[in-house]
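# Make a model of this:
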Amino acid sequence: MILKSLVNYNDDKTTDSVLSNMKTQYTILFRKTLFDQAEVILMRAKKLAADEDRFSRLADILQDQRNFDYRNIADKDFDKYIDNSIKEQIENLMKQKNIAEYNALYLKISSI
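Numbering: from 1, shown residues only. Here you go, the predicted structure:
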């Protein structure tokens, strides 16, 4: 019970907890078919994750964003939209790869 209280007390103090709360809000709104509101929450979470370099969280958000792709199918620039979407995902994956490589190098240097 003490641990739960501490978690609740510190819930909005870290970026990860804020992003987690936003993900929960998004999921609830999406399940209730409140798509416009869900998309607004998702875009705010996307901006926060990108600004704070939370690339693994950003990958989840980008995946959730695919739920809204159908809204743009009729647009004349749908191909550009999809190309930008894929580019954004690939860039995020490359950043995650760079971090993994840096961490591996750090561990190798630390072991010397």
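# Can you give me the buried ones in the lengthiest helix in the chain?
Determined from DSSP state H, the single longest helix within the chain is helix 78-111. For helix 78-111, the neighbour count (16 or more other C-beta atoms under 10 Å) marks Gln89, Asn92, Lys95 as buried. No exception for glycine: its C-beta is placed from N, CA and C like everyone else's.
# so which strand or helix has Asp53?
For Asp53, there is no host helix or strand (DSSP states H and E).
# where's it relative to Asn10, distance?
For Asp53, the distance to Asn10 (C-beta to C-beta, to the nearest Å) stands at 21 Å.
# With Leu42 instead?
24 Å.
# ok, now Gln89?
Look at Gln89 and Asn10: by C-beta to C-beta, they are 31 Å apart.
# Now do stretch 88-96: everything it contacts.
For stretch 88-96, the surrounding residues in contact (C-beta atoms under 8 Å, 6 or more residues apart in numbering) are Asp53, Phe55, Ser56, Leu58, Ala59, Leu62.
# try 6 Å
With contacts defined as C-beta atoms under 6 Å, 6 or more residues apart in numbering, stretch 88-96 is touched by Phe55, Leu58, Ala59, Leu62.
# I figured Glu52 was touching Thr15, is that so?
Yes. Because the distance of 4.6 Å satisfies C-beta atoms under 6 Å, Glu52 is recorded as touching Thr15.
# chain center to the least confident helix or strand in the chain by mean pLDDT, what's the gap?
The least trusted helix or strand in the chain, going by mean pLDDT, DSSP states H and E, turns out to be helix 2-9, with a mean of 78. Centroid separation between helix 2-9 and its chain, computed with C-alpha atoms, centre = their mean, to the nearest Å, is 25 Å.
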